[in-house]
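**Q** No sequence on hand, only this structure:
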């Protein structure tokens, strides 16, 4: 079968690989739609170390091609979604409530990391009964595929942010994950959601997804504006959706004592992420810093799909580009180099 | 001044009372709008014991008429909202995180209980800095007054229900508080909200406020329908918004193991509220039963007002009747006897 | 092999059964020590319905006899503990944080319920890597076996009770699980632990396990005494460790507004468990009712074993009787009929 | 009256001041015992900015000398404890659950910060009913005074650390607050408590207060040792009790994914507190960073006193030095310069 791989650090391209075969608890899925993520770019640049001919991609939907002998709830032909994170549910980390960390830090992140990803005609899913979810009729592949990572990570930012009903929330950066954190903040009942973003297309999508105010850091003092918008108090919750040291510092500064900095950014550089000491109350201002990694699993995916069934959100406004799998090289380039004001690139098989 | 009082159990009418005077931390508010609550009817029927010439009412907005010498943040002429519950914030119960219980069970509930209520030309507010909230320009009195109890109690039902994003929620009874629990479930990100209600007007308001499905217990088996709508699992959260033993039992039955029964009903009758033993998993099914009493206080009210400022919800669809204070007797009768398909009665001063 | 079974409702005795064989993820354990539980008596009396020749018992330790081909962390000869509850970790209930409810209400409870239990020379353990725990050298079988249910259930009562450091806790009934709830309350930092019990031996064990006060309901008014001991406020947490309607009602009554009733009792009788309406604050006193079923799993068991390694508690004071497996009939009778002031009966193989 | 003051940055000494007078809600307390804290040294060195003739000290017990007209629960002659933090309980931060942050970041910290402290013959307490606690007969002044800050801060480190029963906990630095965090970890049911400390006297006190293991960073690799002691996993909870950037980094490194870094250190220096990026899982390892400021208030103090009543802990082992108030200059020097292996200095009046 055809797969789109990271040949080595900095090098991508097609490769031919055998169709995977399922173990007793596993499934093999024939890919129908996939999304390209900035994490794929991080990986290609060496963010998780060297890899050789590793199939990229972790956001996909498809049709069950084959299941192992012990799989009970899925069978060939089922249209399915799989979370970007596919935990080992029996592991100590899962038993501790942190399945994304099963098998070590970020260990639930298997696709395009510890095994081949989803940018291929077929891909393998461990523990199919626990990690697949059936896509209801009436939900398009294009909508469903956004659940895998964009919904799950973005909404987690809001959930871990412990937003009170009517609370004040800032979402720093309105890329795809930040946009979904904006939706997430609305889903948790935020009283005001303030997006920080400078790119016009992202600003306007942020508004469409529920941001009440947009702060443009290129023309305004973010901290001052946040204090203005919150009667001088700072926000209840600041969601860092970029993964940059300076943005993280801003997040700490704009959060009020007793508030939460909820990080969903991937910090790709530097030895440290730095907390500004004074604004952190010399360590005593009750500003909690929460983090996490995209929750996966069948239950999570079913809940996210339900939000599509009941029309809570339409993620497809984020699809700015569509390519067939044959044009994956160009598709990847557009996403990787952030060409043409890209938000998300959908690849169809 | 004119006040509408409970003369004795079963008897209401106007009385003349002196305008109250504030203690050093208090305020006196000139009433502009108030809402009648079914709790007022409970009280008149003797639900909290005998009272003599007690002014009724606990949902009101108005204009500050006078403040005590130690009040810092409010002054004469401020347009203000006061929560139905006005806690003593320094009490042990408040320090414990349960201000509504300050001074004993339900002790934060002072209006029309331990002191005169708000159905009068003026009313007294303890600890003004902590219990009043300024109403922003652009928010009508009629909208704001819904924050005092309807928003705060209804949304609490959702908050204590621990609803996961995309979760399944049933709201049993779609009276005013149930309708706001429906809104609350949407505000917390429920994936499906199922209202139980038989009255057509309430059914249609429930849909308008975000219920995805309506179950009519007069023509359907509620439990069967709930299982159908939740793939046989039961709901994550059942909000009991009636206060009836049979409804409570249904709530326990339709909640899945690991789910929450969140009670916001006022149970006015009987010696017991009964948990069905088997469906409660013989005491071991991880079905939590949560309760509470309408959160009050300035911060809560400010957060609820913010939801009006950002157009999250329009409560005024619940106002089915409007009367001037002079016609309070008729107004009360309409609410008390549930005449003319009433939802909420607004009284203007 | 020899097994001690429930032949039918009301009938127990030995039976001969084949040694079980493990599936790919499973283990078979050679039993070395087991404890008899009052749940076994409930089962024999028909509490979970009819069963035929079902091996009884769910508290055991042993030595790994055989493992399936996919088991990674255990091998023949390992000395192991298995929790009374052996969840399916990938199930939706587990993903939702309630593994004891996997596969339906109380579905994680498999031993002597949906499959043969541990009162046999060998027993089968599903998902060995997730449900077994290695017993550290230096920990006796007799100590370790108490982790399976007594520690896990009793401590859960304290954990779900949300005890604040220095808080006031009542534990109603000081049977084995109540005694361990007493220990649990101490482990969570209770400021005072009040045991309710009338049997002298249990009273004295309760004191030894950390109860600061004992209330004897046969000679004192429990509610009055609790109010006395808590300056009239009621307790922060009441742990119901009996499973009786009257005791549950007392638990609700003695809990202060904002407190938690944490149930670990098995309610074996009656259609309802009844909440006293007025003392529950007509549904509004913020008295949470929490429940659960003995947490199982490797991580839980490892944490409980650690408490033995660091000498936090010695459970063996509860062993009042010891029998070899050959004398299982007498052993069961002693436990079942509560003869000779029994607390727990240890069976050795 | 005589007061021991910070005359200016770097300068301390006695001053004569008038006995304070209570406002209507306040009390004035005649000091009987006080403790010197390293925060006092931070303050004198300019940690909170310049102050002129500010009375130092925030840990004290005494006897009520005078109360305001609205104080209900205390009167002259009552032996009382006051928390180091005396919040405004009606403030938005208190209503939000963070009373220590009332009136702005760390705003509940008034003694020796925004008003005169307790190192004087008399001191003033705002909102006496909410901030004082009666000391039970049988509890010595010397024991009770440890509740004000040492118990409250140290135990908070354990509470915010979200320690599971049987969990693994590291407490980095065993100064007085670290020692009480060690006690706190035991009070929450930690399965193993590992103290990090190099000073022999502190090491031995740590063992006496319940540390199971001591790691000496001057002779061992802390990270390696922690991994050894936790089967390679890292701890569930790391409590930073020093307030140093390097220690904080270690805390992040030794915490397992899904664990909590609970900070109770006061960070007195540097622009940043730095999170090691990779060990923080590039922002995605579910390692929560929690903080707080010594909880105050009557309820908290009553709960802490209860732990003394029931003999849960004896704090007086930390009193290494005792001075009468007349020798306050020497007393302060011993504490400030950490002379003579000092742990805590008790001052009697």
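**A** That came through, no problem. Everything quoted here is computed from the prediction, not taken from an experiment.
**Q** Distance of the residue in the stretch 151-300 of chain A positioned nearest to chain B relative to residue C:182?
**A** Proximity of the stretch 151-300 of chain A to chain B (C-beta to the nearest C-beta) peaks at residue A:166, 2.8 Å away. For the C-beta atoms, the positions are set from N, CA and C on the backbone; glycine is no exception. According to C-beta to C-beta, to the nearest Å, residue A:166 stands 42 Å off from residue C:182.
**Q** The two: who's more crowded?
**A** The residue with more neighbours, out of residue A:166 and residue C:182, is residue C:182; 31 against 27, by other C-beta atoms under 10 Å in any protein chain shown.
**Q** Just the element for the residue of the stretch 151-300 of chain A closest to chain B, please.
**A** Taking DSSP states H and E as the definition, one finds residue A:166 inside no helix or strand.
**Q** From residue B:55, how far off is it?
**A** Separation of residue A:166 from residue B:55 (C-beta to C-beta): 29 Å.
**Q** Could you do residue A:306 as well?
**A** Distance from residue A:306 to residue B:55, by C-beta to C-beta: 47 Å.
**Q** again with residue A:72
**A** In terms of C-beta to C-beta, residue A:72 sits 64 Å off from residue B:55.
**Q** So for the two, which sits in the more crowded spot?
**A** Taking other C-beta under 10 Å, residue A:72 and residue B:55 do not tie; residue B:55 has more neighbours (23 against 9).
**Q** OK, contacts around the closest residue to that one other than its chain neighbours?
**A** Nearest residue to residue B:55 in three dimensions, chain neighbours excluded: residue B:116, at 3.7 Å (C-beta to C-beta, 6 or more residues apart in numbering or on different chains). With contact taken as C-beta atoms under 8 Å, 6 or more residues apart in numbering or on different chains, residue B:116 is in contact with B:3, B:17, B:20, B:54, B:55, B:123, B:124.
**Q** Apply 7 Å and report the result again.
**A** Contact partners of residue B:116, counting by C-beta atoms under 7 Å, 6 or more residues apart in numbering or on different chains, are B:3, B:54, B:55, B:123, B:124.
**Q** got a list of what the spatially closest residue to residue A:303 that is not a sequence neighbour touches?
**A** Take residue A:303 and drop its neighbours on the chain: the residue closest to it by C-beta to C-beta, 6+ apart is residue B:166, 2.8 Å away. By C-beta under 7 Å, 6+ apart, the contact set of residue B:166 is A:303, A:304, A:306, A:307, B:189, B:191.
**Q** quick one: buried residues of stretch A:328-341?
**A** A:328, A:331, A:332, A:334, A:335, A:336 (16 or more other C-beta atoms under 10 Å in any protein chain shown).
**Q** Pretty sure residue A:12 is one of the things the third one touches, is it not?
**A** Yes - with contacts counted by C-beta atoms under 7 Å, residue A:332 reaches residue A:12, the gap being 5.9 Å.
**Q** hmm, who's touching the lowest-mean-pLDDT helix or strand in chain A?
**A** Ranked by mean pLDDT, DSSP states H and E, the weakest helix or strand in chain A is helix A:38-44, scoring a mean of 91. By C-beta under 7 Å, 6+ apart, the residues outside helix A:38-44 that reach it are A:6, A:10, A:12, A:56, A:57, A:112, A:266, A:268, A:335, A:336.
**Q** Show me which residues of the stretch 151-300 of chain A sit near chain C.
**A** Within the stretch 151-300 of chain A, the residues that sit near chain C (C-beta under 7 Å from any C-beta of the partner chain) are A:297, A:298, A:299.
**Q** wait, is the last one part of a strand?
**A** No - with DSSP: H, G, I helix; E, B strand; the rest coil as the criterion, residue A:299 is located in helix rather than a strand.
**Q** Who's the closest spatial neighbour of it, skipping the chain neighbours?
**A** Closest to residue A:299 by C-beta to C-beta, 6+ apart is residue C:95, at 4.0 Å.
**Q** residues contacting the one you found?
**A** A:89, A:297, A:298, A:299.
**Q** How about residue A:128?
**A** Each residue near residue A:128 by C-beta under 7 Å, 6+ apart is listed here: A:25, A:26, A:27, A:67, A:71, A:74.
**Q** May I ask which of the residues you listed has the most neighbours?
**A** Ranked by neighbour count (other C-beta under 10 Å), these have residue A:27 at the top, with 29 neighbours.
**Q** Am I right that that residue is in contact with residue A:70?
**A** No - Residue A:27 is beyond contact range of residue A:70, at 10.9 Å (criterion: C-beta under 7 Å).
**Q** related to what we said a few turns ago, tabulate the residues of the stretch 151-300 of chain A next to chain C (TSV), appending neighbour count and pLDDT.
**A** Below are these laid out as TSV (neighbours: other C-beta atoms under 10 Å in any protein chain shown; pLDDT from 0 to 100):
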residue	neighbour count	pLDDT
A:297	29	98
A:298	26	98
A:299	23	98
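**Q** Quick one: the strands in the stretch 201-349 of chain A, in order.
**A** A:213-215, A:235-240, A:255-263, A:272-276, A:288-290, A:319-324, A:344-348 (DSSP state E, counting those that start in this stretch).
**Q** pLDDT weak spots in chain A?
**A** Under the criterion pLDDT under 70, no range of chain A is flagged.
**Q** which bits of it sit near chain D?
**A** Close to chain D, as judged by C-beta under 7 Å from any C-beta, chain A has residues A:93, A:96-98, A:100-101, A:105-106, A:243, A:257-258, A:263, A:265-268, A:270-277, A:280-293.
**Q** Could I have the buried ones of those residues as ChimeraX selection syntax?
**A** Entered in ChimeraX, the line below selects the buried ones among the residues of chain A next to chain D, by 16+ other C-beta under 10 Å:
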select /A:93,96,98,100,101,105,106,243,257,258,263,265,266,267,268,272,273,274,275,277,280,281,282,283,284,285,286,287,288,289,290,291,292,293
